[in-house]
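1. with the input below, show me the fold.
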Amino acid sequence: MASASSPDELPSTEIVSRIQHTPAGAPAWVERDGRGRLFVRCQGCTLYREVPGLAPALAALVNHLPTCPGTADPTDVDSA
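-> Next up, the predicted model:
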C-alpha cells in the first residue's frame, strides 16, 4: 500500500506561462506540479483549479483575468 506523501516529499511546481495580472494588479499564471498536472493559480481571488491540457489552461487563465473578483495584495512587492 502506498503511503501518503508529506509536503516536503512532494515534487515542486513550476510556472509554465507568462505571469499575467488582473485589473487590480494581482498576479495569475498556469503552473505544473511535479506529477505533470496543470493548474490555473490567481493570487487575487485565490483561484487554484486543475485544468487538463496546456491550451485549455491558458484559455482559462485569459478568461479569468478580466472577471477576477479579487484584489492585489498590497504587501506583495511583485504586483506593484
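2. how about the spatially most central residue of the chain, secondary structure?
-> Central residue check for the chain by C-alpha atoms, centre = their mean: the C-alpha nearest the mean position is that of residue 41, 1.8 Å away. Classification of residue 41 using DSSP: H, G, I helix; E, B strand; the rest coil returns strand.
3. wait, it sits on residue 26?
-> No. Residue 41 is beyond contact range of residue 26, at 10.6 Å (criterion: C-beta atoms under 8 Å). (Each C-beta comes from the backbone N, C-alpha and C, glycine too.)
4. the residue nearest to the centre of the chain pairs with what?
-> Assessed by DSSP bridges, residue 41 has beta-bridge partners residue 29, residue 48.
5. and it, what pLDDT?
-> pLDDT for residue 41: 96.
6. residue contacts, it?
-> Residues near residue 41 by C-beta atoms under 8 Å, 6 or more residues apart in numbering: 28-31, 47-48.
7. tell me the one of the residues you listed nearest residue 12?
-> Nearest to residue 12 out of these is residue 31 (C-beta to C-beta; 10.0 Å).
8. my guess is the closest one contacts residue 14. True?
-> Yes. At 6.4 Å, residue 31 and residue 14 qualify as touching, with contact defined as C-beta under 8 Å.
9. so between these two, which is more surrounded?
-> residue 31 (17 against 9; other C-beta atoms under 10 Å).
10. the more buried one: helix or strand, and which one exactly?
-> strand 27-32 (DSSP states H and E).
11. from the chain's centroid, how far away is that strand?
-> With C-alpha atoms, centre = their mean, to the nearest Å as the basis, strand 27-32 stands 3 Å off its chain's centre.
12. same question, stretch 44-57
-> 6 Å.
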